[in-house]
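# what follows is a protein structure lacking sequence information:
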């Protein structure tokens, strides 16, 4: 999906005459973004009372909403209270609902340590 999006972006920029240096920067950014999201754990089982489907939704929301503005941080980077604080601060900017925030939080704090 990311590569097809990148292809569309590059085709658009080639039509408007974007120079080669800017194209390279876009490609590098996309590769870095992709490598970050591939390092995130992928839930394969329930975490206590939290269903695997909710953990998977949380991961998808984290990647889709947070990576659009900044690099993704591995879940182990922060403890539960710091993740809660980060999500509280970013909720308005990222335009996520309380339910989406909860799903992201559950995904992040239930990562294997």
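Received the coordinates, thanks. These numbers were taken from a predicted model, which means no experiment stands behind them.
# which pLDDT value belongs to residue 39?
At residue 39, the pLDDT value in this model is 78.
# and what of residue 25?
So, for residue 25, pLDDT stands at 63.
# now do residue 16
So residue 16 comes in at 66 (pLDDT).
# also residue 57?
96.
# that one sits in which helix or strand?
Using DSSP states H and E, residue 57 sits in helix 52-61.
# any low-confidence regions in this structure?
Within the chain, the ranges that satisfy pLDDT under 70 run 1-6, 9-10, 12-13, 15-38.
# quick one: the helices in this protein?
Residue ranges of the helices in the chain, as given by DSSP state H, are 2-16, 20-39, 52-61, 80-94, 98-109.
# give me the helices and strands touching the last one, please.
It refers to helix 98-109. helix 52-61, helix 80-94 (3 or more CB pairs under 8 Å, 6 or more residues apart in numbering; DSSP states H and E). Every residue, glycine included, has its C-beta placed from N, CA and C.
# return the most buried member of those.
Ranked by mean neighbour count, the helices and strands packed on helix 98-109 are led by helix 52-61 with a mean of 18 (mean count of other CB atoms under 10 Å).
# who are the packing partners of it?
Using 3+ CB pairs under 8 Å, 6+ apart, helix 52-61 is in contact with helix 98-109.
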